[in-house]
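# Sequence and predicted structure, then a few things I'm wondering about:
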Amino acid sequence: MQCTILKSDLYELIQKTYPVVPLKSSLQVLSNLKISFFDDKVEISATDLDHSIIVTKTTTSQGNKEITVNAKKIFEIVRELPDGEIFLSVDENVLIIESKKGFSCKIAGASTNDFPEFPVVESTDLFEIEVNTLKEMVLKSSFAVSKDESRTCLCGIYWNVDLKNMGMVATDGHRLGSTFVNGNYAVSEKTSMIVAPKTLLHLIRVLESAESGSVISVIKDDKYVLFSNDKIKICSKLIEGPYPDYDKAIPKNNPKKAIIEKSQFLEAVKRVSVLSNQKTHLVKCIFKDEEVEVSVFNRDIGGEAQEKVLTEYSGEQHTIGFNALYLLEIMNIIKQPKIRMEMNTQISACLIFPHFDKEEDKKSDDTFLIMPLRIMEEMQ
C-alpha cells in the first residue's frame, strides 16, 4: 500500500498526537504512535493510558494497513523533511517514508496488537460546546489547579453542566478561578465531572485553528469523557471525586471594594515586585481614598519600591499582602480594562472580578480568588 500526503499535513497530525506520548513508561509500546491507513484517510493515535487521542486527515491511499513506530523518531524525521508531497508505505513492520525531492528512509515499527485500544464511551450524557467558549472557560480555571497529588480531586478542573448553565472551577487552596456561562445544553440531567487539565489544555491547543463558531461534542460516562469532531477524538479518564464545596471558600461579606484600571495596576505590580522576596513574592497593597499604593520592602537585599495607582475605593483604609505572581496571573487572564476587588480583612480571601460598566456586556460570570499573604512587621 502507499499513501500520499503533504509534509505539512503529516507534521500537523504528529504535532497534535506527540504531546500525549508519555516521557517514561514501563510499556514500550506507549512510546509509539499508531498510524492507520485507509482508502481515503490516515489516522494517527497516541495514548498514555489516561489520555488518548486520534487525529484524522483525508488522503489518497491504496489499501488498509496499520503500524506503530517510535513517536520521537518519526516526529524528528518529518520535521526535517522538505515541503511538498510525502509517500508513506508499510512493508511488514517497517514504515517507509519518501519525499518527492529525493529523500527516503525506513523506520522499524511494531505490530499494533499490543497498542491499547481507544476507549469506548457509551452514554446519553452528550452535549456540544462552542470551541471559543471552551477555550475561555479552560483558561479562566486551569491556572488554579493544584499540583499536590495527595489531594487528587483538586488536581483537576471541576466541570458542571446543566440544561441552561455550564461552569468550570479549579482551586489549589491559595487561589481559585471559576467561570459560568448560560446556554442551551442538551443534557438529560445535571451532570458534573473532574477533568485532568492536561486533556483540556491539549484539546484547546489542538483546536487553536478551529473556525469561529465551530463546536465540539462531549460525551461522558462513569469513567471517561470524550471530545470529538470529524477530525479529532480525545478521550480522558475522569478524576474521582467528590470535588470539595468550593463555594464555602468564597467570602460573602466584603465591605471594602475597589475598581481599578487593570493595565495601570498590573504594570505597577510588575515594576514593584522586581524587588520582592524570591520565595514569597510578597507585595503590599494599601487601599485608601482614591488610590492604592503598591510597595515592597526586601530586607535580604536592602531594597524597597512603591508606586501609587488611582482607584475608585469604598471602605476603610485597608492593607493587604499578595503573592505578586498569583496576582499578575489573574490580571493577565482578565480581558476587561477594569477589575473589581472585594476584600474584608488582612487574612480573608480577596475576590477579583472583571468590571463591566454595563451589565449586558457580561458574557460569563467570572470569579477569581486569591488568599492574602501575611505582611511582615517591617512592611507594616
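Sure, I can see it. Numbers count the residues shown, from 1 in each chain.

# how about stretch 11-22: buried residues?
11, 12, 13, 14, 16, 17, 18, 19, 20, 21, 22 (16 or more other CB atoms under 10 Å). In this view, the C-beta of every residue, glycine as well, is placed from N, C-alpha and C.

# how about stretch 351-362: buried residues?
So for stretch 351-362, counting by 16+ other CB under 10 Å, buried means 351, 352, 353, 354, 355.

# In terms of helices and strands, where is the first one?
For residue 351, the element it lies in under DSSP states H and E is strand 350-354.

# Buried residues of the helix or strand following that strand, list them for me.
Sequence order places strand 365-370 as the next helix or strand after strand 350-354, per DSSP H and E. For strand 365-370, burial by neighbour count (16+ other CB under 10 Å) applies to 366, 367, 368, 369, 370.

# Skip ahead from the helix or strand bottoming out on mean pLDDT in the chain and say which helix or strand is next.
Across the helices and strands of the chain, mean confidence by mean pLDDT, DSSP states H and E is lowest for strand 60-61: a mean of 80. Under the assignment DSSP H and E, the closest C-terminal helix or strand after strand 60-61 is strand 65-70.

# And that following strand, what does it pack against?
strand 32-37, strand 85-91, strand 104-108 (3 or more CB pairs under 8 Å, 6 or more residues apart in numbering; DSSP states H and E).

# so what strands line up beside the second one?
Partner strands and pairing direction for strand 85-91 (DSSP bridges) are strand 2-6 (antiparallel), strand 94-99 (antiparallel).

# Now do the longest one: distance to the chain's middle.
Meaning strand 94-99. 35 Å (CA atoms, centre = their mean, to the nearest Å).

# who's in contact with the least confident helix or strand of the chain?
Contact with strand 60-61 is made by 1, 2, 3, 4, 37, 38, 39, 40, 41, 42, as judged by CB atoms under 8 Å, 6 or more residues apart in numbering.

# Can you tell me the SS state at residue 138?
Taken by DSSP: H, G, I helix; E, B strand; the rest coil, the conformation at residue 138 corresponds to helix.

# Correct me if wrong: it contacts residue 202.
No. With contact defined as CB atoms under 8 Å, residue 138 does not reach residue 202; the gap is 10.3 Å.

# More neighbours: these two, which one.
Taking other CB atoms under 10 Å, residue 138 and residue 202 do not tie; residue 138 has more neighbours (22 against 19).

# and the closest residue in space to that one that isn't next to it in sequence, how many residues sit next to it?
In space, and not counting its chain neighbours, residue 138 is closest to residue 200: 4.7 Å by CB to CB, 6 or more residues apart in numbering. A count of neighbours around residue 200, defined by other CB under 10 Å, yields 26.

# Low-confidence stretches in the stretch 251-380 of the chain?
376-380 (pLDDT under 70).

# could you show me where the helices are in it, in order?
Taking DSSP state H, counting those that start in this stretch, the helices of the stretch 251-380 of the chain run over residues 262-273, 324-333.

# orientation of the last one relative to strand 365-370 in degrees?
Between helix 324-333 and strand 365-370, the angle comes out at 170 degrees (axes from the mean of the first three to the mean of the last three CA atoms, to 10 degrees).

# now helix 324-333, how far from the chain's geometric center?
Per CA atoms, centre = their mean, the centroid offset for helix 324-333 relative to its chain is 16 Å.

# Quick one: list the elements packing against it.
strand 175-182, helix 262-273, strand 282-288, strand 365-370.

# Same list (those) but as CSV, adding distance to residue 304.
Shown next, in CSV, are those (distance: least, CB to CB, whole Å):
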stretch, distance to residue 304
strand 175-182, 26
helix 262-273, 9
strand 282-288, 10
strand 365-370, 23
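
# Tell me, domain by domain, which residues of the chain belong where.
The chain breaks down by automatic domain parsing into domains covering 2-108, 125-247, 250-379.

# Need those domains in JSON lines (columns: distance to residue 119).
Formatted as JSON lines, those follow (distance: least, CB to CB, whole Å):
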{"stretch": "domain 2-108", "distance to residue 119": "6"}
{"stretch": "domain 125-247", "distance to residue 119": "5"}
{"stretch": "domain 250-379", "distance to residue 119": "31"}
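
# Quick one, which of those domains gets closest to residue 117.
domain 2-108 (8.9 Å; CB to CB).

# circling back to that earlier point, which of the helices of the stretch 251-380 of the chain sits closest to residue 220?
It's helix 324-333; of the helices of the stretch 251-380 of the chain, that one is closest to residue 220 (CB to CB) at 26.0 Å.

# Flag every buried residue along the closest one.
So, applying 16+ other CB under 10 Å, buried residues of helix 324-333: 324, 326, 327, 328, 329, 330, 331, 333.

# and for it, what are the contacting residues?
139-140, 143, 174-175, 177, 262, 265-266, 269-270, 272-273, 276, 281-283, 339, 352, 368, 370.

# try 7 Å
139-140, 143, 174-175, 262, 265-266, 269-270, 273, 276, 281, 283, 339, 352, 368, 370 (CB atoms under 7 Å, 6 or more residues apart in numbering).

# Quick check: bridge partners of residue 353?
Bridge pairing for residue 353 - DSSP bridges - gives residue 340.

# Go ahead and confirm it touches residue 340.
Yes. Using CB atoms under 7 Å as the test, residue 353 is close enough to residue 340 to be in contact (4.6 Å).

# ok so, going back, of the contacts of strand 60-61, buried ones?
For the contacts of strand 60-61, a burial check counting by 16+ other CB under 10 Å picks out 3, 37, 38, 41, 42.

# And those, which is closest to residue 112?
So of the buried ones among the contacts of strand 60-61, ranked by how close each gets to residue 112 (CB to CB), first place is residue 37, at 11.5 Å.

# so that closest one makes contact with residue 2?
No. Residue 37 is beyond contact range of residue 2, at 8.8 Å (criterion: CB under 7 Å).
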